[in-house]
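Trainee: Generate coordinates for the sequence data below:
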Amino acid sequence: MDLDRARGVLLGLACGDALGRPVEFASASEISAEHGRLDEMVGHGTWNQPAGTITDDTEQALCIARSLVEHQTFDPTDIAERFVAWYDSGPFDIGGMTRRALSRLKRGDAWDDAGQHVWENSPEGQNAGNGSVMRCAPLAIPYATEWDRLAEVSRQSSQITHADPRCTEGCAVLNLTVAGLLDDADAPLQDALDFIGGDAPGELVTALEPLARGNSPGTLETSGYVVHSLQTTLHDGLFVDSAEDAIVTAVNRGGDTDTIGAIAGAVAGARFGASQLPDRWLSGIDETNELETLAERLVEVA
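Mentor: Below is the predicted model:
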């Protein structure tokens, strides 16, 4: 495996997360009015702290990566326990479905029951958030060549907090796409959709198939809905011509900017490699060295 691309998965995720944090939930027009174009600011090196501060996206991805390295395999019980410990630390931000699932885990639910209960008791519109796809990319590194296993662990990692099939299959599609990028595949998203086949919900497939054919949708949404998030981030991560531009484009869209940036960053990082991420971003993130080390050790797990 190309180590630069493996590092790019984790570091790209963190860069997108950190860049998006200061403007989370602002609209594209509000970002432009208050900050100017982020690409212009980044290009002149003036978009610095607090953009170097990660949020729950990277913090949960770190829980997954640390568990994989320590146990040398995917252990959902251990990952769930790490999520709970993180939750108890008083994080800066946490999504609604994740909070409710982790609260149930604290009360004794099994890892594969808590998210299921939350999903079954959440109304449509509040039951398929992007809180599991934002964190799942570390799994793509050790299981990059074991696609059956990668799809399985991606679904299970989502199920801890997000059991809706749009979320579980969304994690599988995203991670299979990242795995394809790590292997320098010509059509990574199409390969991922072909592999998942009929398991993926129709709404997810309908949103992603045009991207796989190289078509850009007329409208890209940046809400917390998992289908919107995957369509937008895969578009920017796969269509834009550099890692920096992919992340900046995603964040400039506004909305759920830290998560949109994080997912697009993981995809762009796998596509272009960590060496193509700006040093001014990496130097502003306290976790950069740990993320690099974890990526290297995840390659060894593979």
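Trainee: what does the average pLDDT come to for stretch 179-193?
Mentor: Mean pLDDT, computed over stretch 179-193, is 98.
Trainee: Give me the contact list for the host helix or strand of V84.
Mentor: Taking DSSP states H and E as the criterion, the element that holds V84 is helix 76-88. Outside helix 76-88, the residues within contact range by C-beta atoms under 8 Å, 6 or more residues apart in numbering are 59-60, 63-64, 66-67, 70-71, 94, 98-99, 102, 105-106, 110-112, 114, 156-157, 159-161. From N, CA and C alone the C-beta is placed, and that goes for glycine too.
Trainee: and with 6 Å instead?
Mentor: E59, C63, I64, S67, L102, L105, K106, W111, Q156, I160 (C-beta atoms under 6 Å, 6 or more residues apart in numbering).
Trainee: Let's see if you can find the most crowded of those residues.
Mentor: Highest neighbour count within the contacts of helix 76-88, by other C-beta atoms under 10 Å: I160, with 27 neighbours.
Trainee: Is that residue in contact with W111, as I believe?
Mentor: Yes: with contacts counted by C-beta atoms under 6 Å, I160 reaches W111, the gap being 5.2 Å.
Trainee: ok, back up a step: so which bits of the helix holding V84 are buried?
Mentor: Of the residues in helix 76-88, P76, D78, I79, A80, R82, F83, V84, W86, Y87 count as buried by neighbour count, 16 or more other C-beta atoms under 10 Å.
Trainee: which phi and psi does the residue most central in space within the chain have?
Mentor: For the chain, the residue nearest the mean C-alpha position is M134 (2.8 Å; C-alpha atoms, centre = their mean). Per-residue torsions, M134: phi -70, psi -20 (degrees, to the nearest 10).
Trainee: separation between it and Q159?
Mentor: M134 sits 15 Å away from Q159, taking C-beta to C-beta, to the nearest Å as the criterion.
Trainee: Over to C167?
Mentor: C167 is 8 Å from Q159, by C-beta to C-beta.
Trainee: Who has more neighbours out of those two?
Mentor: Legend: neighbour count by other C-beta under 10 Å for C167 and Q159, higher for C167 (30 against 24).
Trainee: is it true that that one touches S158?
Mentor: Yes: using C-beta under 6 Å, C167 is in contact with S158, at 4.9 Å.
Trainee: Residues that sit against both of the two, list them.
Mentor: When contacts are counted by C-beta under 6 Å, 6+ apart, C167 and S158 have S132 as shared neighbours.
Trainee: Output the below-cut-off pLDDT ranges for the protein.
Mentor: 35-52 (pLDDT under 70).
Trainee: For stretch 193-211, buried residues please.
Mentor: Neighbour counts over stretch 193-211 (16+ other C-beta under 10 Å) mark L193, F195, I196, A200, P201, L204, V205, A207, L208, L211 as buried.
Trainee: Would you map the strands across the stretch 51-200 of the chain?
Mentor: Assigned by DSSP state E, counting those that start in this stretch, the strands in the stretch 51-200 of the chain number zero.
Trainee: if we can go back for a sec, a markdown table for the contacts of helix 76-88, including distance to P142?
Mentor: Listed next are those as a markdown table, based on distance: C-beta to C-beta, whole Å:
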| residue | distance to P142 |
| --- | --- |
| E59 | 20 |
| C63 | 15 |
| I64 | 11 |
| S67 | 11 |
| L102 | 24 |
| L105 | 24 |
| K106 | 28 |
| W111 | 19 |
| Q156 | 14 |
| I160 | 18 |
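Trainee: Put the alpha carbons of stretch 276-284 into PDB.
Mentor: C-alpha atoms of stretch 276-284 as PDB (Å, rounded to 0.1, in the frame of the first residue of the first chain):
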ATOM      1  CA  GLN A 276      -0.400  17.100  -1.100                       C
ATOM      2  CA  LEU A 277      -2.000  18.500   2.000                       C
ATOM      3  CA  PRO A 278      -0.800  22.000   2.900                       C
ATOM      4  CA  ASP A 279       1.900  22.100   5.600                       C
ATOM      5  CA  ARG A 280       0.200  25.200   7.200                       C
ATOM      6  CA  TRP A 281      -2.900  23.000   7.900                       C
ATOM      7  CA  LEU A 282      -1.000  20.000   9.300                       C
ATOM      8  CA  SER A 283       1.200  22.200  11.500                       C
ATOM      9  CA  GLY A 284      -1.800  23.700  13.100                       C
END
